[in-house]
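K.L.:
the following block contains a protein sequence and its predicted model.
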Amino acid sequence: MTETLPPCPECCGAYTYEMGALLVCPECGHEWSPVSAEPTGATDGGVIRDAVGNVLADGDTVTVVKTLKVKGSLSGIKAGTKVRNIRLVDGVDGHDIDCKIDGFGPMQLKSGVVKKA
(Lines give C-alpha, C1' and ligand atoms only; values in the text may rest on other atoms or scores of the structure.)
Protein backbone atom coordinates (compact mmCIF):
# COMPACT_ATOMS: atom_id res chain seq x y z
CA MET A 1 0.00 0.00 0.00
CA THR A 2 1.96 2.97 -1.29
CA GLU A 3 -0.90 5.49 -1.29
CA THR A 4 -1.09 7.73 1.79
CA LEU A 5 -4.53 8.90 2.78
CA PRO A 6 -5.14 12.39 4.18
CA PRO A 7 -5.72 12.78 7.93
CA CYS A 8 -9.24 13.18 9.27
CA PRO A 9 -10.48 16.78 8.78
CA GLU A 10 -12.44 16.64 12.06
CA CYS A 11 -9.92 15.23 14.57
CA CYS A 12 -6.70 15.12 12.48
CA GLY A 13 -6.44 11.36 13.10
CA ALA A 14 -3.83 9.62 10.96
CA TYR A 15 -5.52 6.20 10.73
CA THR A 16 -8.05 6.92 7.97
CA TYR A 17 -9.16 4.18 5.62
CA GLU A 18 -11.28 3.84 2.49
CA MET A 19 -14.77 2.37 2.57
CA GLY A 20 -16.24 2.41 -0.90
CA ALA A 21 -16.16 5.99 -2.19
CA LEU A 22 -15.69 7.50 1.29
CA LEU A 23 -12.80 7.95 3.67
CA VAL A 24 -13.47 6.97 7.29
CA CYS A 25 -11.74 7.92 10.54
CA PRO A 26 -11.84 5.06 13.08
CA GLU A 27 -10.98 7.44 15.93
CA CYS A 28 -13.96 9.81 15.69
CA GLY A 29 -16.20 8.01 13.16
CA HIS A 30 -16.22 10.92 10.68
CA GLU A 31 -16.89 9.99 7.04
CA TRP A 32 -16.07 12.25 4.11
CA SER A 33 -15.54 12.25 0.38
CA PRO A 34 -11.89 12.39 -0.68
CA VAL A 35 -12.81 15.09 -3.23
CA SER A 36 -14.07 17.43 -0.52
CA ALA A 37 -11.41 16.87 2.12
CA GLU A 38 -12.44 20.09 3.84
CA PRO A 39 -13.78 19.84 7.40
CA THR A 40 -17.46 20.38 8.01
CA GLY A 41 -17.93 23.90 9.29
CA ALA A 42 -14.51 24.92 8.03
CA THR A 43 -13.66 28.56 8.31
CA ASP A 44 -12.97 30.07 4.88
CA GLY A 45 -11.58 33.47 5.77
CA GLY A 46 -13.83 33.77 8.81
CA VAL A 47 -16.94 32.23 7.22
CA ILE A 48 -18.64 29.52 9.28
CA ARG A 49 -20.93 27.09 7.48
CA ASP A 50 -23.58 24.72 8.82
CA ALA A 51 -23.89 20.97 8.13
CA VAL A 52 -25.34 21.53 4.65
CA GLY A 53 -23.07 24.40 3.62
CA ASN A 54 -25.16 27.48 4.41
CA VAL A 55 -23.26 30.48 5.75
CA LEU A 56 -24.08 31.25 9.40
CA ALA A 57 -24.18 34.69 11.00
CA ASP A 58 -24.73 36.11 14.48
CA GLY A 59 -28.41 36.14 15.45
CA ASP A 60 -29.44 33.27 13.13
CA THR A 61 -31.85 30.55 14.15
CA VAL A 62 -30.57 27.01 13.61
CA THR A 63 -31.93 23.49 14.01
CA VAL A 64 -29.94 20.62 15.53
CA VAL A 65 -29.65 17.85 12.89
CA LYS A 66 -28.69 14.92 15.12
CA THR A 67 -29.35 13.95 18.72
CA LEU A 68 -26.56 15.13 21.03
CA LYS A 69 -25.57 13.65 24.38
CA VAL A 70 -25.19 16.11 27.25
CA LYS A 71 -23.14 15.28 30.34
CA GLY A 72 -25.19 15.37 33.51
CA SER A 73 -28.51 15.14 31.70
CA LEU A 74 -30.71 12.07 31.38
CA SER A 75 -31.92 13.16 27.97
CA GLY A 76 -29.78 14.86 25.38
CA ILE A 77 -30.61 17.53 22.86
CA LYS A 78 -32.95 15.91 20.35
CA ALA A 79 -32.66 16.29 16.59
CA GLY A 80 -35.00 19.03 15.42
CA THR A 81 -34.46 21.29 18.44
CA LYS A 82 -34.51 24.95 17.37
CA VAL A 83 -31.84 27.24 18.75
CA ARG A 84 -32.51 30.97 18.41
CA ASN A 85 -30.13 33.91 18.39
CA ILE A 86 -26.79 32.12 18.02
CA ARG A 87 -23.45 33.87 18.43
CA LEU A 88 -20.40 32.80 16.42
CA VAL A 89 -17.23 32.46 18.48
CA ASP A 90 -13.73 31.06 18.15
CA GLY A 91 -14.43 28.28 20.62
CA VAL A 92 -12.44 25.39 22.00
CA ASP A 93 -12.18 22.05 20.15
CA GLY A 94 -14.22 23.13 17.11
CA HIS A 95 -17.19 24.49 19.06
CA ASP A 96 -17.88 27.67 17.12
CA ILE A 97 -21.48 28.48 18.11
CA ASP A 98 -22.37 29.98 21.48
CA CYS A 99 -26.08 29.76 22.31
CA LYS A 100 -28.71 29.21 24.97
CA ILE A 101 -30.94 26.14 24.59
CA ASP A 102 -34.29 26.05 26.38
CA GLY A 103 -34.17 23.42 29.13
CA PHE A 104 -30.35 23.14 29.04
CA GLY A 105 -29.01 26.68 29.41
CA PRO A 106 -25.88 28.20 27.85
CA MET A 107 -23.96 25.85 25.61
CA GLN A 108 -21.44 25.71 22.77
CA LEU A 109 -22.14 23.68 19.62
CA LYS A 110 -20.19 22.71 16.54
CA SER A 111 -21.46 24.14 13.27
CA GLY A 112 -21.40 20.64 11.76
CA VAL A 113 -24.38 19.51 13.89
CA VAL A 114 -26.77 22.33 12.99
CA LYS A 115 -28.50 23.63 9.90
CA LYS A 116 -29.85 27.10 9.27
CA ALA A 117 -33.60 27.31 9.88
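P.N.:
Perfect, I can see it now.
K.L.:
hmm, residue 91 is touching residue 98, no?
P.N.:
Yes: counting by Cβ atoms under 8 Å, residue 98 is a contact partner of residue 91 at 6.9 Å. For every residue, glycine as well, the C-beta is placed using N, CA and C.
K.L.:
anything in contact with each of these two?
P.N.:
With contacts taken as Cβ atoms under 8 Å, 6 or more residues apart in numbering, residue 91 and residue 98 have residue 108 as neighbours in common.
K.L.:
buried ones in stretch 16-23?
P.N.:
Buried residues in stretch 16-23, counted by 16 or more other Cβ atoms under 10 Å: 16, 23.
K.L.:
contact partners of that stretch?
P.N.:
For stretch 16-23, contacts defined as Cβ under 8 Å, 6+ apart pick out 5-8, 24-26, 31-34, 37.
K.L.:
which strands or helices does the lowest-mean-pLDDT helix or strand in the chain pack on?
P.N.:
Ranked by mean pLDDT, DSSP states H and E, the weakest helix or strand in the chain is strand 31-32, scoring a mean of 81. Strand 31-32 makes packing contacts with strand 22-24 when contacts are defined by 3 or more Cβ pairs under 8 Å, 6 or more residues apart in numbering; DSSP states H and E.
K.L.:
neighbouring strands of the strand it packs on in the sheet, and parallel or not?
P.N.:
Strand 22-24 has its sheet partners listed here by DSSP bridges as strand 17-19 (antiparallel), strand 31-32 (antiparallel).
K.L.:
so can I have CSV of these showing distance to residue 46?
P.N.:
Below are the strands paired with strand 22-24 laid out as CSV (distance: least, Cβ to Cβ, whole Å):
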stretch, distance to residue 46
strand 17-19, 33
strand 31-32, 22
